[in-house]
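1. here's a sequence, model it:
(one chain, ligands or ions: 4)
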Amino acid sequence: MDSKNLNSQFKVLAIAYLLFHCANAAGKVTTPDRGKGEWQLLLKNTGVVAMHMALTRRNTVIMFDQTGSGPSGYRLRRRHHGTRCGNVRKDLDDSSCYAHSIEYDVLRNRIRPLHIETDTWCSSGSMLSNGTLIQTGGFGTGSRRIRYFEPCRNHNCDWKEGRKLLSNERWYASNLKLPEKDDRVIVVGGRGVFTYEFVPKRSPNEKSFNLPFLHQTYDRNEGGSNLYPIVHLSSDGHLFMFANRDSILFDYKRNRVIKKFPRIPGKGSRSYPSTGSSVILPLHHTNAFRKVEVMICGGAAAGALSAAKQGRFLNGSRTCGRMVITGNNHRWKMENMPGPRLMHDMITLPTGNVLIINGAKNGCGGWNYASNPALQPYLYKPKKTLGQRFSILKSTKIARMYHSSALLLPDGRVLIAGSNPNNKYTFKNVPHPTELRLQAFVPPQVGKGFNGRRPHNVSINTSGKDEIVGYGEEFGVKFLLKEKMSKRLRNEVAFTAYASPFNTHSISMNQRLLVLRGKNIVRSKDGWFSAVVEAPPSPKVAPSGYYMLTVLHNGIPSRSRWIKFIHT
Ligand SMILES: *[C@@H]1O[C@H](CO)[C@@H](O)[C@H](O)[C@H]1NC(C)=O
Ligand SMILES: *[C@@H]1O[C@H](CO)[C@@H](O)[C@H](O)[C@H]1NC(C)=O
Ligand SMILES: *[C@@H]1O[C@H](CO)[C@@H](O)[C@H](O)[C@H]1NC(C)=O
Ligand SMILES: *[C@@H]1O[C@H](CO)[C@@H](O)[C@H](O)[C@H]1NC(C)=O
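-> Ligands and ions are numbered 1, 2, ... in the order given. A predicted model of the protein is given here:
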């Protein structure tokens, strides 16, 4: 399919979608369940499996899979170097005549194809502080590549392959942006690689460093069970690393393990191919952002890979563990999700609640190793008492299995894309076909029913130029609110900053939410409010770069605006 075809398909789809909804409204009156969220079908065909996704500050989403998967659902007219792709057999088999990456424009609900030169299969990435996406590794000739995507306004930008290479091959590795003045991203692990290294490369001879933790957590009988390690930045500047069932606090500057945390209870593993997911719970200004609590949910049963290879799909894990990684008292506190789950995504919403979405109930990650798609999103409210924290949200009908992804958008919706547990693009005669439909999940409080109580027309006013603020500095926020606020204004309004992650394989690399201090909230006239908000105190709390700033009124979030935190 060429791009023109795609566009006309979208139009047909949009009309069909409208007709469907009007018909629905005319026939049976369906009131959207405000407490359970809603689903939207955005596009019927993205052409490319969204194995990896990242949101840019231009409000576009970069999606890509792998050049090695052959013909995708998006046929190109020209190869990267301009030669025509014809209708001859040779061209139809040539993967460079098919897009394996696209840019999705959130506002216009449109896609355009991008060109990837070498294979990005099961790779990783991170945003640099200037808003450029750095992407590392992949498969085969792509396994040591470092690629860049610099988002632009004119929709003319594309992937660039860097000249410097990674020190090791990185396939199924994880990335994390570090709290350094110069852009530094750590790349950890990968298949058969028990090291870490840093990008962008400062010199061609920069080496990698051994990480015995990756050897210790490696389970050779179960496909490693420690791939895509979970890495979070703690408030002391050290890294929390979790793989399989174990975790450490790691000093990346001195290559030293500071602490070994207790093993998470439960027999199964949480890392690929077992594939649980993780977040750090919101960091809060009331404790100067010092307290850091990690949460890990789901994963596969012990022996799930061996069983799946024989066609038996074991029940996934339904447990979550929470552990405070700061201070000196570390203990996993366990609780149950409403059901078993693996290959899901955990998205921290601006409200501070965690959305658990996508995935399956049985089996493990990998091609056709899972069954029983998990169609119900869960909402987790970390502040509620144990037993009251989970609720079940509105189901989708579309399975999002292996190689699916999820990402929070600036308008509060969660973009849901991808799924392909097959070697190639396969649409027939398989249990779980390649999925190219693009959806958004509209979480509770983001639906239209709340618009009257939602802060809107949010603007940021900084002393300097643009929406750029130094660590610890104050900035102004203005917004409109139709509803009158009570006198307890301060309890009703909150300000959060969100680091948008690089999402793949159930890991949201770099995701963090900060609840910022706001003060001097005053109502001027006609519903305009202004407030003074304090930027995070240091890069250890929020590595430099772009964040999504959200104003909340009684837990109802505004659209987010991009703000940049910088070293001064
Ligand atoms: C952003 O940083 C990267 C890495 O240092 C660099 O290659 C790129 O040119 C920068 N982009 C802009 C717009 O400054
Ligand atoms: C697996 O899950 C099913 C469905 O919930 C349940 O009936 C069955 O007992 C579970 N099996 C095991 C071994 O826990
Ligand atoms: C609020 O924003 C909307 C949409 O951008 C705009 O049309 C409207 O004029 C704004 N309202 C005010 C009072 O500035
Ligand atoms: C901008 O924000 C500052 C607080 O940083 C505030 O003192 C000032 O009044 C604001 N200016 C406007 C025009 O809102």
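
2. need the residues of this protein near ligand 4, please.
-> Residues of the chain lying close to ligand 4 (C-beta under 6 Å from any ligand atom) are 461, 474, 475, 476, 478, 530, 532. All C-beta spots, glycine's among them, are computed from the backbone N, C-alpha and C.

3. measure how buried the third one is and give me the count.
-> The number of residues packed near residue 475 is 22, by other C-beta atoms under 10 Å.

4. that one belongs to a helix, doesn't it?
-> No: judged by DSSP: H, G, I helix; E, B strand; the rest coil, residue 475 forms no part of a helix; its state is strand.

5. if it is in a bridge, with which residues?
-> Beta bridges link residue 475 to residue 533 when assigned by DSSP bridges.

6. list the contacts of it.
-> By C-beta atoms under 8 Å, 6 or more residues apart in numbering, the contact list for residue 475 reads 460, 461, 462, 463, 469, 532, 533, 535, 563.

7. contacting residues around the residue of the chain found nearest ligand 4?
-> Closest to ligand 4 within the chain is residue 476: 2.4 Å, counting by C-beta to the nearest ligand atom. Shown in contact with residue 476 (C-beta under 8 Å, 6+ apart): 460, 461, 462, 530, 531, 532, 533.

8. repeat the analysis, applying 6 Å as the threshold.
-> residue 461 (C-beta atoms under 6 Å, 6 or more residues apart in numbering).

9. repeat that for residue 369.
-> Shown in contact with residue 369 (C-beta under 6 Å, 6+ apart): 308, 363.

10. quick one, strands of the stretch 301-450 of the chain?
-> 319-324, 333-336, 345-348, 354-357, 360-363, 370-373, 378-380, 390-392, 404-408, 414-418, 438-442 (DSSP state E, counting those that start in this stretch).

11. those strands: which one's closest to residue 512?
-> Comparing the strands of the stretch 301-450 of the chain against residue 512 with C-beta to C-beta, the closest turns out to be strand 345-348 (7.5 Å).

12. what does the closest one contact?
-> Under C-beta under 6 Å, 6+ apart, the answer for strand 345-348 is 277, 279, 354, 355, 356, 357, 358, 406, 408, 414, 506, 513.

13. quick one: the last one and residue 498 touch, right?
-> Going back to what we said before, that points to residue 513. Yes: the pair residue 513 and residue 498 passes the contact test of C-beta atoms under 6 Å, sitting 5.0 Å apart.

14. how is this protein divided into domains?
-> 3-446, 448-566 (automatic domain parsing).

15. redo the ones you listed as CSV? Include mean pLDDT.
-> Listed next are the domains of the chain as CSV, based on pLDDT from 0 to 100:
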stretch, mean pLDDT
domain 3-446, 92
domain 448-566, 92
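
16. ok, how many other residues are close to residue 422?
-> 20.

17. what's around residue 390, how many residues?
-> Residue 390, neighbours per other C-beta under 10 Å, totals 18.

18. that one pairs with what?
-> Beta-bridge partners recorded for residue 390 (DSSP bridges): residue 380.

19. next: residue 362.
-> Beta-bridge pairing for residue 362 (DSSP bridges): residue 315, residue 371.

20. surely it and residue 371 touch.
-> Yes: at 4.7 Å, residue 362 counts as touching residue 371 under the criterion of C-beta under 6 Å.

21. overlap in contacts of these two?
-> residue 313.

22. with neighbour numbers in mind, choose between these two.
-> residue 362 (23 against 19).

23. can you put the contacts of strand 345-348 in TSV and add distance to ligand 1?
-> Compiled in TSV, the contacts of strand 345-348 are given as follows (distance: C-beta to the nearest ligand atom, whole Å):
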residue	distance to ligand 1
277	29
279	27
354	31
355	31
356	34
357	31
358	31
406	26
408	23
414	28
506	28
513	25
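
24. which of those residues sit farthest apart?
-> Longest span within the contacts of strand 345-348, C-beta to C-beta: 358 and 513, 19.4 Å.

25. doesn't residue 560 make contact with residue 455?
-> No: applying C-beta under 6 Å as the test, residue 455 and residue 560 come out as separate, 11.0 Å apart.

26. closest to residue 438 out of the contacts of residue 475?
-> residue 563 (27.2 Å).

27. against residue 520, how distant is the closest one?
-> 18 Å (C-beta to C-beta, to the nearest Å).
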